[in-house]
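*Asks:* Next one to model:
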Amino acid sequence: RLLPQRMELDGQNYHASGNFSKEYGVVESTYQIIEAEYNTNRRTSKRKLRERQLPGVSPLVYSRFLLDNALFLSLADMGKHLPEYEEIPIQLEMRADVFAEYKRLEEEFRKVMSSGRNIAQKVMSAFMGLLTVYPDQPYDQPPILNPLNKKEILVTPASLSNIGELHQKELKLLELVARKMSRGENVLIYTSWVRIDTQKKLLELFARQGWRAAVLSVTVSPQKREEWVEKQLRSGVRIVITNPPLVETGLDLNAFTTIVFYNIAYNLFTLRQASRRSLRINQTAPRIEVYFFFYKDTMQARAMRLMASKLMAAGVLEGNITDEGLAAMSDCRDLTSQLARELTLGIQDEVEDLSAVFKKMAVTRPPEEKVILLPEPVSVHVPESPSLPQTTQPEPVILFAAAFQRRRKAAEPQFCENQLSFFDQPA
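*Replies:* Numbering: from 1, shown residues only. The predicted model follows:
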């Protein structure tokens, strides 16, 4: 209706909207194929069972219809001075014995998925959940049973630790929280997998350090959650632990300038909403930092890479156009299925390409207006864990990338070689 002439030139018919969806959208067609028996004259038959439209759009929609007819606005374009916003994934390494057990569980998963048994799809969710949470809690994990025969155990995870033992995630989190609190900042920690004892473990860990922390649970009604947070802050609480869906919409958490995803789920909407609870128009802090903790060579690392591509695709809708984002727009598969497929086929993580994607997403303030926060020396008592490996190598950190800034007029226009020009799009 907005561009009828251009639609006609493209061969689109107003009364045949389905043709537009087939050409520029994502359509899933399911067929039934009946193969003929060997050495017979009967031909193979093919019959369409159903057809449905899935979320997704071709990048050609932007180049042919929207680029010269759309205006992309963000909070930074509304004349508001927003703080710097940066997302930083922290890559960690598991203890050697835990990593070996994790790889054994991965191999068991591949065997079940490639065995051709009719239980593969039914146990996929259970295996994916186990592979995601086992690095964070390598103990007290229930076995996975055959859904058709509850007495048959497919795999039994080994218990290699306990709730009182600290691993690399807890040690890194202690270091980060101590540094932020020494600067007077409050910390918001997200734990997506509530079926494990992460919240209880972190609460006890902070209590031993003498830091006041509280857990926002589902028992607090949505209407009272913001009031609950304010009450906790007035009482001296500096750290709040919660599940991301509880605060993903409707809450302003400006008091927390450091946000930590201790672990993440596979919901892009929840991730984007929860990570921006402090990036508000009325935010007065100079900088917001969001950290993502994950273990190297695990399902958590694969999820981070897929989340990055999904974030790039979501950024296209806001005018942040990149080639990776355009390519990911038409990929409508859910993250769980994608992760299971990659693991079954043995697809390796592309760390170098991932770093390049994060670099393209990076946006920082010009040097003259950047607020520099100098670190202060911090002394914190961290309990030693005898089973943790000793190493002198620095922990690898992948810069995830940057963020929203206030766009200001410059004396001379500045261009980035990696940016996609609006004028280079195919007609």
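*Asks:* Sort out which residues of stretch 176-184 are buried, please.
*Replies:* The neighbour-count check on stretch 176-184 (16 or more other Cβ atoms under 10 Å) flags 176, 177, 178, 179, 180, 181 as buried. (C-beta placed from N, C-alpha, C; glycine too.)
*Asks:* hmm, which two among these are most spread apart?
*Replies:* 176 and 181 (9.6 Å; Cβ to Cβ).
*Asks:* which neighbours do the two share?
*Replies:* residue 187 (Cβ atoms under 8 Å, 6 or more residues apart in numbering).
*Asks:* Pipe the buried residues of stretch 176-184 into JSON lines and attach pLDDT per row.
*Replies:* Formatted as JSON lines, these follow (pLDDT from 0 to 100):
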{"residue": "176", "pLDDT": "96"}
{"residue": "177", "pLDDT": "96"}
{"residue": "178", "pLDDT": "96"}
{"residue": "179", "pLDDT": "96"}
{"residue": "180", "pLDDT": "96"}
{"residue": "181", "pLDDT": "95"}
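*Asks:* Out of those, the closest to residue 94 would be?
*Replies:* Comparing these against residue 94 with Cβ to Cβ places residue 176 closest, at 18.5 Å.
*Asks:* Help me confirm that that closest one is found in a helix?
*Replies:* Yes: assessed by DSSP: H, G, I helix; E, B strand; the rest coil, residue 176 belongs to a helix.
*Asks:* Contact partners for it?
*Replies:* Applying Cβ under 8 Å, 6+ apart to residue 176 gives the contacts 187, 258, 260, 291.
*Asks:* measure it to residue 209 for me?
*Replies:* According to Cβ to Cβ, to the nearest Å, residue 176 stands 13 Å off from residue 209.
*Asks:* quick one: pLDDT of residue 245?
*Replies:* On the pLDDT scale, residue 245 is placed at 91.
*Asks:* what about the stretch 301-427 of the chain, any weak spots by pLDDT?
*Replies:* 311-427 (pLDDT under 70).
*Asks:* and with 50 instead?
*Replies:* Residues of the stretch 301-427 of the chain that meet the criterion pLDDT under 50 lie in 321-332, 347-348, 350-353, 355, 358-359, 362-363, 370-375, 377-378, 385-427.
*Asks:* In the stretch 201-350 of the chain, what residue spans correspond to helices?
*Replies:* Assigned by DSSP state H, counting those that start in this stretch, the stretch 201-350 of the chain shows helices spanning 225-234, 268-275, 299-316, 323-329, 335-345.
*Asks:* Find the nearest non-adjacent residue to residue 195, please.
*Replies:* residue 133 (7.5 Å; Cβ to Cβ, 6 or more residues apart in numbering).
*Asks:* If you tally nearby residues, what's the number for the one you found?
*Replies:* Close neighbours of residue 133, defined as other Cβ atoms under 10 Å, add up to 20.
*Asks:* and it, what is it in contact with?
*Replies:* Residues near residue 133 by Cβ under 8 Å, 6+ apart: 141, 193, 195, 196, 263.
*Asks:* Name the member of those residues that has the highest neighbour count.
*Replies:* Using other Cβ under 10 Å as the neighbour test, the contacts of residue 133 are led by residue 263, with 22 neighbours.
*Asks:* wait, doesn't that one sit right on residue 136?
*Replies:* Yes: the criterion here is Cβ atoms under 8 Å, and residue 263 meets it with residue 136 at 5.8 Å.
*Asks:* Report the strands that pair with the longest strand anywhere in the chain, each with its relative direction.
*Replies:* Longest strand in the chain, counting residues (DSSP state E): strand 45-57. Here strand 45-57 is paired, per DSSP bridges, with strand 25-34 (antiparallel).
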